[in-house]
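Q: structure for the following, please:
(4 chains)
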2 protein chains.
Amino acid sequence: MSTQQSKEEFYQLHAHLCKALAHPTRLLIIDELRDGPRSVSDLVERIGLRQSNLSQHLGTLRDQRLVIARRDGQTVYYSLRDPRVTQAFDLLRQVLRSVLKEGERLAVAN
Amino acid sequence: MSTQQSKEEFYQLHAHLCKALAHPTRLLIIDELRDGPRSVSDLVERIGLRQSNLSQHLGTLRDQRLVIARRDGQTVYYSLRDPRVTQAFDLLRQVLRSVLKEGERLAVAN
DNA sequence: GCATAATATGCGGATATCCGAATAAGTCAC
DNA sequence: GTGACTTATTCGGATATCCGCATATTATGC
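A: All right, here's what the predicted structure looks like:
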């Protein structure tokens, strides 16, 4: 483990990474960023949520280094940092589809 | 979307899947199941947590169809359902490592 | 039947997440 | 400087998660 990481800490960090993905809005954001950078107002318009809420979600994605923010004037452009995140995203999406295809109902409850 | 799934529902289900991965103990469980099925008591011994707690985590993994439970007598063996879950797991682990390698400290805080 | 072993579930309190509203901070034009 | 615009942050209340404890459930052996 590179820089003095205990096993527990590493799993904790991994869990935090997953947690950052564990929200519909944040998944939507990642999906929007697939084709390139988008400004915050772009995302607000496309996703259709309050600006403050979206900004908070972008903040948690930023905290986990899943996205990068680049400032140009007064607008901030977000982009995906690592293509492997999208790959993982797609793998899980495939898993979900195969589960749904088998007719199993997933608990949407919560 | 196969069986009358709205876009929102699909993202919600995807988020639930991610949420099931978003806990150190559950990641540990998945890691333990890589090399084949394990009984609950196996996992309790290897991971070192209370049986009830582990059983609850296994329950959330089961709910999301990430693991399969097969009963043999009075012991229940858990195994991974889809190898793509482990692939996604590994991709995120790689992302985490590359982030850590760049010297960026991730917020472990919460 | 009863006792024991392996696993699962319900309950309750501590802690964390989520969202909206309001406000702050940064940038540009003038 | 002021004002307008874009994005970020703080606060508070509702809701969800996590864990330990106690208790069910299921299976086995006698």
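
Q: could you check how many residues crowd around A:T86?
A: Using other C-beta atoms under 10 Å in any protein chain shown, the number of residues around A:T86 comes to 15. (C-beta placed from N, C-alpha, C; glycine too.)

Q: actually A:Q94, not the one I wrote
A: The burial count for A:Q94: 14, using other C-beta under 10 Å.

Q: residues touching it, list them.
A: Shown in contact with A:Q94 (C-beta atoms under 8 Å, 6 or more residues apart in numbering or on different chains): B:R84.

Q: quick one: what helix or strand has it in it?
A: If you go by DSSP states H and E, A:Q94 is part of helix A:83-101.

Q: angle of that helix against helix B:83-101?
A: If you take axes from the mean of the first three to the mean of the last three C-alpha atoms, to 10 degrees, helix A:83-101 sits at 160 degrees to helix B:83-101.

Q: run a quick neighbour tally on A:R34.
A: Neighbourhood size, A:R34 [other C-beta under 10 Å]: 13.

Q: surely it and A:P83 touch.
A: No. Using C-beta atoms under 8 Å, A:R34 is not in contact with A:P83; the gap is 9.5 Å.

Q: what's the closest non-adjacent residue to A:T75?
A: A:S39 (4.6 Å; C-beta to C-beta, 6 or more residues apart in numbering or on different chains).

Q: could you tell me the phi and psi values at that neighbour?
A: With angles defined as degrees, to the nearest 10, A:S39 sits at phi -80, psi 160.

Q: A:V76 is in contact with that one, correct?
A: Yes. At 6.5 Å, A:S39 counts as touching A:V76 under the criterion of C-beta under 8 Å.

Q: so which strand or helix has A:D35?
A: Judged by DSSP H and E, A:D35 forms part of no helix or strand.

Q: what's it in contact with, if anything?
A: With C-beta under 8 Å, 6+ apart, A:D35 has no contacts at all.

Q: quick one, phi psi at A:A20?
A: The phi/psi pair for A:A20 (degrees, to the nearest 10) reads phi -60, psi -30.

Q: next, count neighbours for it.
A: Around A:A20 there are 22 residues (other C-beta under 10 Å).

Q: and it, how close does it get to A:R50?
A: Separation of A:A20 from A:R50 (C-beta to C-beta, to the nearest Å): 20 Å.

Q: again, but for A:C18
A: Counting by C-beta to C-beta - A:C18 and A:R50 are separated by 25 Å.

Q: repeat for A:D63
A: For A:D63, the distance to A:R50 equals 20 Å [C-beta to C-beta].

Q: between these two, which is the more surrounded one?
A: Neighbours per residue, other C-beta under 10 Å: of A:D63 and A:R50, the larger number sits with A:D63, 14 against 9.

Q: show me which residues of chain A sit near DNA strand C.
A: Neighbours of DNA strand C within chain A, by C-beta under 7 Å from any atom of the strand: A:19, A:22-23, A:25, A:49-50, A:52-53, A:56-57, A:60, A:71, A:73-74.

Q: among those residues, which ones are buried?
A: When the residues of chain A next to DNA strand C are checked for burial by 16 or more other C-beta atoms under 10 Å in any protein chain shown, the buried set is A:19, A:22-23, A:25, A:57, A:60.

Q: and the two most separated of the residues you listed?
A: The span of these, defined through C-beta to C-beta, is set by A:K19 and A:T25 at 13.5 Å.
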